[in-house]
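[1] generate a structure from the sequence data that follows.
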Amino acid sequence: MSHFVIACGGTGGHLSPGISLAETLIDRGHKVTLLVSRKSIDSRLLEKYPHLDFARAPGAGFSLKPLAFLRFVFSQTHAVLFAAFFLLRRRPDVYLSFGGFLTFGMAVVCRVCGIPVVLHEANRVPGRSVRLLSGVATRVYLPPSVKIGGLPPMAVRHAGFPVRKEIRPVPRAEARAGLLMPAGGRMLLILGGSQGASSLNTWVENSLDRFAAAGVSVLCVTGPDKGSGRVEERTAPDGSKVVFRFLPFCDRMADALSAADLVVSRAGAGSIAEFTACALPAILIPYPYAADKHQDENARFFELQGGGFVVPQERLETLTAEALRVIGDDNLLARLRENLVQLAGTHDWRMMTDDLIGLARERAIASGSVEAAR
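    Numbering: from 1, shown residues only. Predicted structure coming up:
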């Protein structure tokens, strides 16, 4: 049995794949510790997984603003000390990070101690932490066709995004019943990422009359502190019931993705992977201030693969018409779903499990640990 440490806190886009990979490794008989941040988003999601072992690690995001930069330096110094004591107690065989501000301290100490450092990049544009640490990594997992200059070929593997095992298609009638949404008619899902998106919340509020007139129900996940669970019912021109439901947080994502005919969302890699897993067509609005414009590249690739369409933030006034066009076209929706089923087959990530176990075994053999090498 090997021990893996997975740094995955700070955002839903890091935490979700960490949980998925951890459960897969545990199912294979190995021990996993998840390093998470002290943010509330981590606490809320981990409440659903009491069977997982996790540790809260210090860390703060990088910024050039004077006070924020000092906080970053202090937190990373703390992170190095935390990592040193953590490794003395836990003695892991492999360290894997999904990027973000939790990566550096543990990666540095693991490298010094001879523990393999593995990085996973989910976005089409590699993030700062992955780029900076790729040179000290034993393995770097990248999306298909994405490259980082200077890495030896033996260090790179192409892998998809580890999607949690519960994110799978659910029968539509069951999914809508679980969400208290109408069994018939069209349903639009609005997602702004783990923190919500105020601009999308405002857009959908201003578009409710048009959706009601078209007989389209809406489930909007507003983000924490941006919604109060409001529900509004209307009657469509054909007499059917239309429901508009606003949730600050949704812990039934498989139901939400299975109940909807179309999703309007930011273009995070994790969200796109979940839409692909559930064959849900999407209209993506890349977050315009994302680091290195990585959401623009994520969205562009998704559109080129035929999974949906892209509407830039600066053209938000066209979004209602575009959403109504797509959700009202049965043939188009069917074609998009077929494309997503094909796309899912090219984004396999489960090879990571065998690869990580292999790295742990190699280290065990090198260190003479017979038990861990089994």
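[2] now do the longest helix along the chain: which elements does it pack against?
    In the chain, with assignment by DSSP state H, the single longest helix is helix 66-90. Contacts defined by 3 or more CB pairs under 8 Å, 6 or more residues apart in numbering; DSSP states H and E place helix 66-90 against strand 3-7, helix 103-113. (C-beta placed from N, C-alpha, C; glycine too.)
[3] let me have those in a markdown table, extended by mean neighbour count, mean pLDDT and distance to Val32.
    Below are the helices and strands packed on helix 66-90 laid out as a markdown table (neighbours: other CB atoms under 10 Å; pLDDT from 0 to 100; distance: least, CB to CB, whole Å):
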| stretch | mean neighbour count | mean pLDDT | distance to Val32 |
| --- | --- | --- | --- |
| strand 3-7 | 25 | 94 | 5 |
| helix 103-113 | 21 | 87 | 14 |
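[4] okay, now Leu52: neighbour count?
    When counting by other CB atoms under 10 Å, one arrives at 17 neighbours for Leu52.
[5] if we can go back for a sec, so which of the helices and strands packed on helix 66-90 is nearest Cys250?
    Of all the helices and strands packed on helix 66-90, it is strand 3-7 that lies closest to Cys250, at 24.1 Å by CB to CB.
[6] mind checking how far that closest one is from the chain centre?
    Averaging C-alpha positions (CA atoms, centre = their mean, to the nearest Å) puts strand 3-7 18 Å from its chain's average.
[7] buried stuff in stretch 231-238?
    234, 236 (16 or more other CB atoms under 10 Å).
[8] low pLDDT regions in the stretch 101-250 of the chain?
    101, 193-196, 225-228 (pLDDT under 70).
[9] and if we set it to 90?
    Scanning the stretch 101-250 of the chain for pLDDT under 90 picks out the ranges 101-109, 127-130, 132-133, 135-136, 144-145, 149-154, 192-198, 223-230, 248-250.
[10] quick revisit: how about a markdown table for the helices and strands packed on helix 66-90, with distance to Leu151 added?
    Listed next are those as a markdown table, based on distance: least, CB to CB, whole Å:
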| stretch | distance to Leu151 |
| --- | --- |
| strand 3-7 | 20 |
| helix 103-113 | 15 |
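[11] would you mark the buried spots in the helix or strand Arg325 falls within?
    Here Arg325 sits within helix 319-327, counting by DSSP states H and E. Neighbour counts over helix 319-327 (16+ other CB under 10 Å) mark 319-320, 323-324, 326-327 as buried.
[12] stretch 200-217 too?
    Quick answer for stretch 200-217 (16+ other CB under 10 Å): 200-201, 203-204, 207-208, 211-212, 214-217.
[13] hang on, the earlier thing: contacts for the helix holding Arg325 next, please.
    186, 188, 203, 207, 210-211, 214, 216, 261-262, 264, 281, 283, 285, 308-309, 311, 332-333, 336 (CB atoms under 8 Å, 6 or more residues apart in numbering).
[14] show me where the stretch 101-250 of the chain has its helices.
    Under the criterion DSSP state H, counting those that start in this stretch, helices of the stretch 101-250 of the chain are mapped to 103-113, 128-133, 172-179, 198-206, 208-213.
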